[in-house]
Structure formats: C-alpha cells, structure tokens
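Engineer: Need coordinates for the following:
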Amino acid sequence: MTTVRSVATPHGEARLHTDRARSPVATLLLGHGAGGGPDAADLVALADQLPRAGVTVVRLEQPWRVAGRRVAAAPPVLDKCLVAACSWLRLRTPLVLGGRSAGARSAARTSDTLGARGVLALSFPLHPPGRPEASRLPELESVTVPTLVVQGERDPFGTPAEFPRGQRLVVVPAADHSLRVPRRTSPGGLTQEQALTLVVESTRDFVLDVTGADRSGNRSRHRRVVT
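Structural biologist: Residues are numbered from 1 along each chain as shown. Prediction:
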C-alpha cells in the first residue's frame with residue numbers, strides 16, 4: 001500500500017510516495033523524469049514488486065510537478081530538493097539512489113552527498129537526441145559507488161552501445177526512452193510485462209548486492225562485490 005507524505009524543500013512542497021517492505025533491508029529512493037512523474041510504468045513496477053524482496057521504495061515527486069508546472073526545474077534545484085526530501089526519511093536501512101532520466105542524473109550528482117550505497121539509472125539521458133557531442137557521461141563517471149544503468153535498446157537519448165565499456169548495463173531489447181517495447185511481432189520479442197519484469201529483477205539484484213542483503217531479505221555476513 002502506497003502512503004503519500006508532503007515534505008518541505010527549499011523550492012516548495014514535494015511529495016514522497018512510499019511503499020514499505022514488511023522487514024526492510026534497504027531503501028530505494030527514486031526520482032522521476034522531466035516529462036513525467038512518479039506514476040511512470042517502471043517506477044510503479046519497482047514500487048509494487050520490490051517490497052516483497054525487503055526493499056522499501058520511495059518515489060519523490062518534485063515540487064515543480066506538485067505545483068502543476070509543465071516545465072521541470074533546473075538541475076541544481078532538482079538536486080537541492082532531492083537532498084531536502086531525503087532528510088525526511090529517517091533511514092534505518094542502507095540507501096540506494098535512483099530515478100529515470102532527469103531523476104537518474106540527479107541521483108548520480110547527489111549520491112556522495114547522501115551517502116548512497118549505489119545508483120540506479122533508468123534511461124539515463126546520455127545526451128539530447130541527435131546531439132551526441134553534448135554528453136552527460138561525466139555525471140555518471142563522477143559517481144564513486146556501484147552504478148547500474150538500465151537502458152532501452154532504441155533510446156534516442158543514448159543507446160547502450162554509446163556507454164563506455166565496463167559500465168554495468170542492462171539492455172531492454174527494442175525499448176525506447178520510456179522503456180516501452182513494440183507489440184510483440186517475433187518469437188524473440190519481449191512483451192511489455194516481460195520488459196518491466198527485466199527492470200524489476202535487475203534492480204532487485206543490484207540493490208541487494210550493493211547493500212549486502214541476500215535473496216531471502218536477510219543481511220548477509222559478507223557484502224558481495226559489484227563490478
């Protein structure tokens with residue numbers, strides 16, 4: 001069951017949409033994109049499924065969207081609001097920061113400040129469509145904790161092949177920037193449900209790895225190494 005809480009930030013009221021695990025071993029704080037909100041299909045799927053694995057999922061709704069504005073705030077504003085909202089969580093479990101698109105960029109930029117164990121980047125906007133020279137790769141490269149990128153194969157903001165070798169990457173076949181896939185037209189194609197399952201399972205494994213939790217939802221004695 002999702003609970004919604006309004007919290008104050010330096011740039012207005014934000015909302016925290018929380019789906020709690022019964023016996024939490026980690027918290028995943030997710031930001032939304034510049035063109036959508038916390039109801040994006042991948043964010044909702046994570047909030048619905050991960051609590052069963054012991055991961056509490058919190059989706060941050062940025063103040064610009066709460067206020068009904070159509071244009072997202074500037075990156076420094078998004079970062080300040082993310083940091084402020086996180087301070088309301090009173091965390092008792094390890095934190096993993098993440099988000100989709102602009103939310104992924106903000107997570108990368110603030111991960112050190114917030115002491116995150118890892119960063120989840122859903123549909124990281126590596127560059128504006130058609131402008132590969134305007135790369136945002138330095139934001140990813142500045143992260144000092146393990147990072148997982150989940151990228152659609154047909155994402156115009158950066159295809160999987162454009163990411164550097166060594167980047168931990170999950171490719172969603174035939175998916176676009178929203179991680180939507182075409183209707184299944186061949187035996188090897190994914191359905192939308194299967195694509196979201198890939199996102200959820202990859203995220204679950206990553207979060208449990210970087211927080212040192214085992215698959216049964218218990219803290220492991222030895223933290224597994226993420227490469």
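Engineer: for the record, mean pLDDT for the helix or strand where Val44 lies?
Structural biologist: Per DSSP states H and E, Val44 falls inside helix 41-49. Across helix 41-49, pLDDT averages out at 98.
Engineer: shaky segments in this protein?
Structural biologist: Low-confidence segments of the chain (pLDDT under 70): 184-187, 214-227.
Engineer: hmm, try it at 50
Structural biologist: 217-227 (pLDDT under 50).
Engineer: Quick one: residues in contact with the helix ranked longest in it.
Structural biologist: Determined from DSSP state H, the single longest helix within the chain is helix 192-211. Here helix 192-211 makes contact (C-beta atoms under 8 Å, 6 or more residues apart in numbering) with 25-26, 28, 41-42, 45-46, 49-50, 53-55, 93-94, 96, 98, 117-118, 120, 122, 145-146, 148, 150, 168, 170, 172-173, 175, 179-181, 190, 213-215, 224, 226. Glycine gets a C-beta too; all of them are placed from N, C-alpha and C.
Engineer: to the chain's geometric centre, what's the distance from it?
Structural biologist: 11 Å (C-alpha atoms, centre = their mean, to the nearest Å).
Engineer: If you count neighbours, what's buried in it?
Structural biologist: For helix 192-211, burial by neighbour count (16 or more other C-beta atoms under 10 Å) applies to 195-196, 198-200, 202-211.
Engineer: List just the nearest of those residues to Arg109.
Structural biologist: Val210 (18.2 Å; C-beta to C-beta).
Engineer: roughly how far apart are the closest one and Thr191?
Structural biologist: Separation of Val210 from Thr191 (C-beta to C-beta, to the nearest Å): 29 Å.
Engineer: same check, this time on Arg109
Structural biologist: Distance of Arg109 to Thr191, given as C-beta to C-beta: 34 Å.
Engineer: Perfect, that will be all.
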